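Engineer: predicted model follows, preceded by the sequence.
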Amino acid sequence: MDTPREIMDAAWDALERGYTKYAPAAGYPELRNALAKKLRDYNQIDLDPETQILITQGSTEALYLAVNALLDPGEEAIIPAPYYPPYDSLIKASGATPRYVGATEDEGWLPAPEAIEKAVNKRTRALLINTPNNPTGTVYPRKYLEDIGRTAVDHDLPILSDEAYEALVFDGAEHVSPMSIPSMRDNAIGLFSFSKTFAMTGEARLPLWPRGIHQESRHHPQPRAGPRQFSHPDRRPAGPPRVGQVFRPDRPRTGRKKKNPCG
Ligand SMILES: Cc1ncc(COP(=O)(O)O)c(C=O)c1O
């Protein structure tokens, strides 16, 4: 599926209007405001766009920031399996260890909440879930989220909730975001993406954990957009923005409608 025409037109229009410079580290306020409205209307999540929403380059960068903010070497993250394969290297690259809790097809690919509770130990620092799930397609029911959420809340664990496929639900299934469940709200960090919803791989937004994403991290003491500044080129989780790579310096520039804002 191609990116919808109006999105491509808006991207081109933005370039013409001079959106070619550094953007604010947390993202443009207009976009954060629009996402706050979307989260309220569509996901039943109430967030302050000033302090609780961070724009990232794909949910890949959001995952990278959240994992590196929350996990230190020697710590563990619990992940229901089967899982999206990059989680493994993401967790290991932070020096932490993924602890998988498996489920079978007969279980609807949902690990028993008791098995998740049993996997918690004194090194556990996060629960990483993915609904709707890649690769199984399972959409976590509200009751199941509440059950595993109890474990997270009881052990004071952040829940990283990868919701990249929120719009791809079929047969009457309802996508529920942990951030919309009152008992889980304070522990959940929702990771959303434009990639699948709008066929725009590489653009995403990350609503932050209401308590501040890396309050407990010893590595990154600044709140909110802070960890972004530590994304040095050699540790970037994703490639450079695609629009910037469309430009071909080896080709002559031909008749454009408006003057290039770069002069
Ligand atoms: C479960 C899951 N999370 C995250 C991503 C990455 O999304 P993004 O393009 O927003 O970085 C993918 C991409 O396939 C995915 O399947």
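Structural biologist: Arrived safely, thanks for sending.
Engineer: identify the residues contacting the residue lying closest to residue 144 once chain neighbours are set aside.
Structural biologist: Using CB to CB, 6 or more residues apart in numbering and skipping residues adjacent in sequence, the residue nearest residue 144 is residue 110, 5.7 Å away. Quick note: C-beta positions are derived from backbone N, CA and C, even for glycine. For residue 110, the contact set (CB atoms under 8 Å, 6 or more residues apart in numbering) comprises 80, 103, 138, 140, 144.
Engineer: ok, the residue nearest to residue 142 when sequence neighbours are not counted - contacts?
Structural biologist: Closest residue in space to residue 142, ignoring its immediate chain neighbours: residue 176 at 4.7 Å, by CB to CB, 6+ apart. Residues in contact with residue 176 (CB under 8 Å, 6+ apart) are 131, 140, 141, 142, 145.
Engineer: filter the contacts of residue 110 down to the ones in strands?
Structural biologist: residue 80 (DSSP state E).
Engineer: which phi and psi does the residue in the stretch 51-200 of the chain that the ligand sits nearest to have?
Structural biologist: Going by CB to the nearest ligand atom, the ligand is nearest to residue 58 of the stretch 51-200 of the chain, at 2.7 Å. Per-residue torsions, residue 58: phi 80, psi 160 (degrees, to the nearest 10).
Engineer: correct me, but residue 196 touches residue 169?
Structural biologist: No: applying CB atoms under 8 Å as the test, residue 196 and residue 169 come out as separate, 11.2 Å apart.
Engineer: now for residue 187: which residues touch it?
Structural biologist: By CB under 8 Å, 6+ apart, the contact list for residue 187 reads 149, 152, 153, 156, 157, 158, 159, 178, 209.
Engineer: from residue 49, how far out is the first one?
Structural biologist: Read that as residue 149. The gap separating residue 149 from residue 49 is 25 Å, by CB to CB, to the nearest Å.
Engineer: settle it for me: which of those two has more neighbours?
Structural biologist: residue 149 (23 against 19; other CB atoms under 10 Å).
Engineer: backbone dihedrals for that one, both of them.
Structural biologist: phi -60, psi -30.
Engineer: just residue 189 next, same as before
Structural biologist: Torsion angles, degrees, to the nearest 10, at residue 189: phi -120, psi 110.
Engineer: so how many other residues sit close to it?
Structural biologist: Residues lying near residue 189 (other CB under 10 Å) number 28.
Engineer: in helices, which of the contacts of residue 176 fall?
Structural biologist: Judged by DSSP state H, those include 142, 145 as members of helices.
Engineer: ChimeraX command for the buried members of the contacts of residue 176?
Structural biologist: The ChimeraX selection below is limited to those of those classed as buried (16 or more other CB atoms under 10 Å):
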select :131,140,145
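Engineer: report the two of the contacts of residue 176 separated the most.
Structural biologist: 131 and 142 (10.6 Å; CB to CB).
Engineer: ok, now how distant is the residue nearest to residue 144 from residue 140?
Structural biologist: 7 Å.
Engineer: now do residue 92
Structural biologist: 25 Å.
Engineer: cool, thanks, signing off.
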